[in-house]
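A.B. asks: sharing a sequence plus its predicted fold:
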Amino acid sequence: MGLQDLIRIDTLCSFYKLEISFFDDLDNIGLIKLETFEQQKFIHQDKISDLEKIIRLHHELHVNIEGIDIVFNLIEKELKLQEEINSLKNRLRLYEDNL
């Protein structure tokens, strides 16, 4: 991973009109991972879509950071359950085909 794949947090702060502490709080809770190079904080460009979802939840729905963490955990659990359902459906099809 090179610096060309990273976006400076201070750039995002001015673009989204947020304080740097917002990004620090997201990093502390584990919602995003900040990289530090030469005393500058960065986020990987692949995480911008997640970051934009977080910002929308925070600004438009007034969800606090702890609530955002819960929302993302529930979404992750839903995706895992959907994968498990698909796996079980495929196994069930194998048994049905053998009957």
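C.D. replies: Looks like it came in fine.
A.B. asks: only C-alpha atoms for contact and neighbour calcs from this point on.
C.D. replies: OK.
A.B. asks: how near is the most centrally placed residue in the chain to N90?
C.D. replies: Centroid-nearest residue in the chain: D50, 4.0 Å away (criterion: C-alpha atoms, centre = their mean). Per C-alpha to C-alpha, to the nearest Å, D50 is found 30 Å from N90.
A.B. asks: so which strand or helix has the residue lying closest to I20 once chain neighbours are set aside?
C.D. replies: Computed as C-alpha to C-alpha, 6 or more residues apart in numbering, the closest residue to I20 that is not its neighbour in sequence is C13, at 6.4 Å. Assigned by DSSP states H and E, C13 falls within helix 9-16.
A.B. asks: so the residue nearest to I20 touches D24, yeah?
C.D. replies: No. Using C-alpha atoms under 8 Å, C13 is not in contact with D24; the gap is 11.5 Å.
A.B. asks: contacting residues for K33?
C.D. replies: Neighbour list for K33: D27, I43 [criterion: C-alpha atoms under 8 Å, 6 or more residues apart in numbering].
A.B. asks: I'd like to know how far it sits from L6.
C.D. replies: Counting by C-alpha to C-alpha, the gap from K33 to L6 is 11 Å.
A.B. asks: which residues are common contacts for the two?
C.D. replies: I43.
A.B. asks: which residue ranges of this structure form helices?
C.D. replies: 9-16, 20-29, 48-60, 65-97 (DSSP state H).
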